[in-house]
Structures are given as structure tokens and as C-alpha cells.
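[1] here's my sequence, what's the structure:
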Amino acid sequence: MSFVRIIVLALATAFLAACGGGGQTLTLASATPTPTTSAASSTAASSAPAAGTALACTAPAQPIVELTEGPYYKANPPQNAALRTAGVAGTPLTLTGYVVSKSCQPIANAKLDFWQADGNGNYDNSGYTLRGWQLTTASGAYRLETVIPGLYPGRTEHIHFKVTVNGTTYTSQLFFPGVSQNEGDSIYSSQMLVKLNTNTSPATATFTFVVNVA
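    This next block holds a predicted model:
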């Protein structure tokens, strides 16, 4: 090995060591794991997210605001990340993100249970349309194929969810920016707004679920 090559390797080693220092901001690639259905439930946590728009998390992160479950939850929904099916009313939406701890560490195999109204503001109370749960991937990522929910009396656009980590379940709701009914909804929380892009087809949104664990 030449003297020059030895020097280059030494400098590279020193640079990598310097980059390994502590920091409080963790940047995660945008979550795009394959949507899971009941037929593929056993592989839900193995789908790796592809690289995309970065989602930054700065520790200590603020945990999600817990909100009411509401009257429309149904127990025992199917494992299904592709809630949007043919004939369902509403603007198609792909929601992606991560489940992380307050220290911004991704949480694998967190259970996310979603339910919502369709684009006309109607819930399916006899079946499981727009209802389903999934597990986060090894990198803490999730992906939900759904629709933007509609309004109904007293409520703005929102998606209900439960996230379960280590046996503890947190219940809340996601909201959409720019909806005039937000401020008139007594349950609305600005801390639970998704980041929405309606200039794509389907529309896309991101949200990082921060749970109250170290």
C-alpha cells in the first residue's frame, strides 16, 4: 500500500469518527412500505420504506395529543393498510409516516388502528369499510391508502386512530389543514394536523406519531 493511500485512509477514518458524535435531530426517510391487506398480514412489518422526502424528528419530541375515541369505533377490524376500495366516496389519499419515541427512535411493530368516514361524511357501521389496522415496519414506518374524510354535523375532516406500543394504547384523531370547520370543532387540535399535498394524485399526507415512551 502506498504512503499516499495510507494517509487518505487515515483521514477518512478520522472523518467518520467525527461524524459519529451525538446530536438531537434524527432524519428519517419518508415511509413508503407496501400497503398490507389481510391476505398479507404476516409480512406487514417486513416491508422496507423507500427513500423519499425526509421527515425530521427533534428530541425531545412532543407526544401526540390524546383525544376522544368517539362513537363509531368497531372492535376487531381486519389487518388492512389499503382501506381505499372501489366505489368508496372521497378524494384518494396516501398517508405515510413513522411511529417514534420521544427520543425520536423508530418503533417497529407498533399497531396502528385507523377508522374514518368516507368523503360524504358517512361511517360504515355494519361492516369494516375504511377500517383496518397495520403494524409498523422494522424502521417504524407505516403507509395507509384511504380517502380524505368528509364533513358531518359538528365535526371537521378527521381520521381516528389508536396506536399501541408495548401494551399501551394511545387514542386520538388526525386533522387536515385549511378546513374552515376546524376551529368550530370542539375536539380539533392543531397539534394533530397532517402535512397535506393535494397537488398529487392521489393526494399525499404525512404524520409522525410520537408516543409517550423514552
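[2] for the rest of this, base every contact and every neighbour count on C-alpha atoms.
    Will do.
[3] quick one: low-confidence residue ranges for this protein.
    Scanning the chain with the threshold set as pLDDT under 70 gives 1-55.
[4] can you tell me the centre-most residue of it?
    Centroid-nearest residue in the chain: residue 97, 3.6 Å away (criterion: CA atoms, centre = their mean).
[5] got a list of what residue 157 touches?
    Contacts of residue 157 were listed using CA atoms under 8 Å, 6 or more residues apart in numbering, and they are 148-151, 175-176, 179, 182.
[6] would the residue nearest to the centre of the chain count as being in a strand?
    Yes - using DSSP: H, G, I helix; E, B strand; the rest coil, the assignment for residue 97 is a strand.
[7] roughly how far apart are it and residue 190?
    18 Å (CA to CA, to the nearest Å).
[8] residues contacting residue 158?
    So residue 158 contacts 116, 149, 173-176 (CA under 8 Å, 6+ apart).
[9] what residues are bridge-paired with it?
    Assessed by DSSP bridges, residue 158 has beta-bridge partners residue 175.
[10] now, the contacts of residue 157 that are in strands?
    residue 175 (DSSP state E).
[11] just to revisit the earlier point, who does the residue nearest to the centre of the chain form a beta bridge with?
    Beta-bridge partners, per DSSP bridges, of residue 97: residue 142, residue 207.
[12] what about it, distance to residue 125?
    Residue 97 sits 27 Å away from residue 125, going by CA to CA.
[13] isn't residue 112 right up against residue 131?
    No - Residue 112 lies out of contact with residue 131 (CA atoms under 8 Å); the separation is 10.9 Å.
[14] for those two, indicate the residue with more neighbours.
    Higher neighbour count among residue 112 and residue 131: residue 131, with 28 against 24, using other CA atoms under 10 Å.
[15] can you tell me, leaving aside adjacent residues, what's nearest to the more buried one?
    Nearest non-adjacent residue to residue 131, counting by CA to CA, 6 or more residues apart in numbering: residue 115, 4.4 Å away.
[16] also residue 165?
    Nearest to residue 165 is residue 110, by CA to CA, 6+ apart, at 5.2 Å.
[17] give the buried residues for stretch 160-170.
    160-165, 170 (16 or more other CA atoms under 10 Å).
[18] should've said stretch 80-97
    For stretch 80-97, by 16+ other CA under 10 Å, it's 80-84, 88-97.
[19] coming back round to it: go through the buried residues of stretch 160-170 and name the one nearest residue 214.
    residue 165 (11.9 Å; CA to CA).
[20] show me what contacts that closest one?
    By CA under 8 Å, 6+ apart, the neighbours of residue 165 are 110-111, 211.
[21] can you give me the distance of it to residue 213?
    9 Å.
[22] follow-up on the earlier one: show me the contact partners of the helix or strand hosting the residue nearest to residue 131.
    Assigned by DSSP states H and E, residue 115 falls within strand 111-116. The contact list for strand 111-116 (CA under 8 Å, 6+ apart) reads 73, 123, 130-136, 149, 158-165.
[23] repeat that for stretch 119-134.
    36, 41, 44, 72, 74, 77-81, 83-84, 88-91, 111-118, 142, 146-152.
[24] do the same with stretch 169-184
    Contacts of stretch 169-184 (CA under 8 Å, 6+ apart): 64-69, 154-164, 188-190, 192-196, 211.
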